[in-house]
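Participant: Dropping the sequence and predicted coords here.
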Amino acid sequence: MTSDIITNLKQKDSRTISRSISMVENKQDGYLDLLSDIFPLTGNAYRIGITGAPGSGKSTLTDQLVKLILTKKLSVAVIAIDPSSPFNGGAILGDRVRFVNDFKNINTFFRSMSTRGSQGGLANSTKLVADIFDASGFDIIIFETVGVGQVEIDVIEAADSVVVTLVPESGDDIQMMKGGLMEIADLFAINKSDRQGADRLYTSLNKTLELNDNDNWKPSITKTIATNGDGVELLYNNLLKHKEFINSSDNRIEKINQRYIKTVKSYVSDILIDKFWTKEIDIVLNKQLKLEYNKRLSPFEIANQLIKK
């Protein structure tokens with residue numbers, strides 16, 4: 001059964017890819033076997049993260065990058081992380097309303113995923129879904145994250161190269177950003193650069209980067225106008241330069257190793273929680289809930305008691 005799935009994945013069969021992603025997202029029976037079987041086929045795709053504040057044009061920029069990548073005779077998969085509904089956990093934006101490309105092309109695949117409460121901007125199963133695309137032979141995988149600013153730090157774990165999108169109005173926020181998005185950026189895109197203040201932002205950002213102690217790689221700054229494609233080719237070329245840089249150093253291997261370790265830890269954590277949380281544990285916990293609040297054991301005391309059981 002799994003061998004048939006893998007055969008279809010290698011052919012980039014859209015139905016098989018969709019079903020495999022749903023299986024992983026919903027942790028359906030057999031999803032771990034699938035992930036184990038495709039593992040030897042992963043580790044080849046170039047993974048790009050695109051993040052930034054709301055309204056910075058991430059979706060349009062991603063759309064233009066996809067168009068450009070297709071002209072290079074390469075295949076590209078896009079994972080767009082949408083805010084999740086507080087009621088059903090589904091992606092609020094859901095359908096492909098933001099993207100104008102025809103993603104029926106066999107060399108492209110677009111998937112929207114909900115955050116489902118994940119605080120880092122990426123859905124918990126995002127990296128596993130990326131592995132499905134990787135195993136399917138896509139050359140490039142693009143993560144487009146929720147536009148919620150500095151909480152998007154975990155994009156750095158999923159991507160080989162991280163693009164932070166800014167707009168000219170971001171100029172006054174550079175100082176505030178130093179502790180967040182500034183630190184995860186491998187490249188900057190000043191989008192909507194036809195607006196007033198783009199040159200000032202470029203100069204300010206460049207000066208900030210010159211103070212960076214990192215002697216190995218200085219993030220490039222590219223002015224773009226995503227609505228008409230201006231600057232997108234230059235941004236893509238700068239991405240290739242960063243790809244060459246990380247491939248010539250231990251940077252990419254280190255990222256792959258970090259992803260590997262985190263996946264192991266995450267799975268171990270899931271197993272331990274599932275095995276730990278029995279009906280007996282629920283009974284003990286519910287006894288505390290029946291007591292008046294100030295007569296209950298503290299959450300930490302009850303947790304220690306439960307662990308010792």
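Facilitator: Happy to help now that I have it.

Participant: going forward, measure contacts between C-alpha atoms and count neighbours the same way
Facilitator: Noted.

Participant: Give me the pLDDT value at G94.
Facilitator: Here, the pLDDT recorded for G94 equals 43.

Participant: Where does the prediction get shaky in the stretch 101-250 of the chain?
Facilitator: Counting by pLDDT under 70, the stretch 101-250 of the chain contains low-confidence ranges at 101-104, 115-124, 147-154, 171-181, 213-215.

Participant: Where do the helices of it begin and end?
Facilitator: 126-135, 155-158, 174-177, 181-184, 198-210, 232-247 (DSSP state H, counting those that start in this stretch).

Participant: Now render those as TSV, adding mean neighbour count and distance to T71.
Facilitator: Formatted as TSV, these follow (neighbours: other Cα atoms under 10 Å; distance: least, Cα to Cα, whole Å):
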stretch	mean neighbour count	distance to T71
helix 126-135	23	20
helix 155-158	22	25
helix 174-177	13	35
helix 181-184	20	29
helix 198-210	16	29
helix 232-247	16	11
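
Participant: of these, which approaches K12 most closely?
Facilitator: helix 126-135 (8.6 Å; Cα to Cα).

Participant: got a list of contacts for that closest one?
Facilitator: Here helix 126-135 makes contact (Cα atoms under 8 Å, 6 or more residues apart in numbering) with 9-10, 17, 20-21, 24-25, 35, 38-39, 41-45, 77, 79, 113, 141, 158.

Participant: For ChimeraX, what selects the buried ones among those residues?
Facilitator: Buried residues among these (16 or more other Cα atoms under 10 Å), as a ChimeraX selection:
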select :9,10,17,20,21,24,25,35,38,41,42,45,77,79,113,141,158
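
Participant: so of the contacts of helix 126-135, which ones are in strands?
Facilitator: The strands, defined by DSSP state E, take in 77, 79, 113, 141 from those.

Participant: Q196: which of these is nearest?
Facilitator: Distances from Q196 to these, taken as Cα to Cα, are shortest for I79 (31.7 Å).

Participant: show me what contacts that closest one?
Facilitator: Here I79 is in contact with 110-113, 126, 130, 141-144 (Cα under 8 Å, 6+ apart).

Participant: Mind putting those into CSV with distance to G197?
Facilitator: What follows is the contacts of I79, written out as CSV (distance: Cα to Cα, whole Å):
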residue, distance to G197
F110, 33
R111, 34
S112, 33
M113, 34
T126, 35
A130, 37
I141, 32
I142, 28
F143, 28
E144, 25
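
Participant: which one of these sits closest to S248?
Facilitator: Nearest member of those to S248, counting by Cα to Cα, is I141, at 20.2 Å.

Participant: Quick check: that closest one touching G43?
Facilitator: No - the criterion here is Cα atoms under 8 Å, and I141 misses it with G43 at 11.4 Å.

Participant: quick check: domain ranges of the protein?
Facilitator: Here the domain assignment for the chain is 2-261, 277-308, based on automatic domain parsing.
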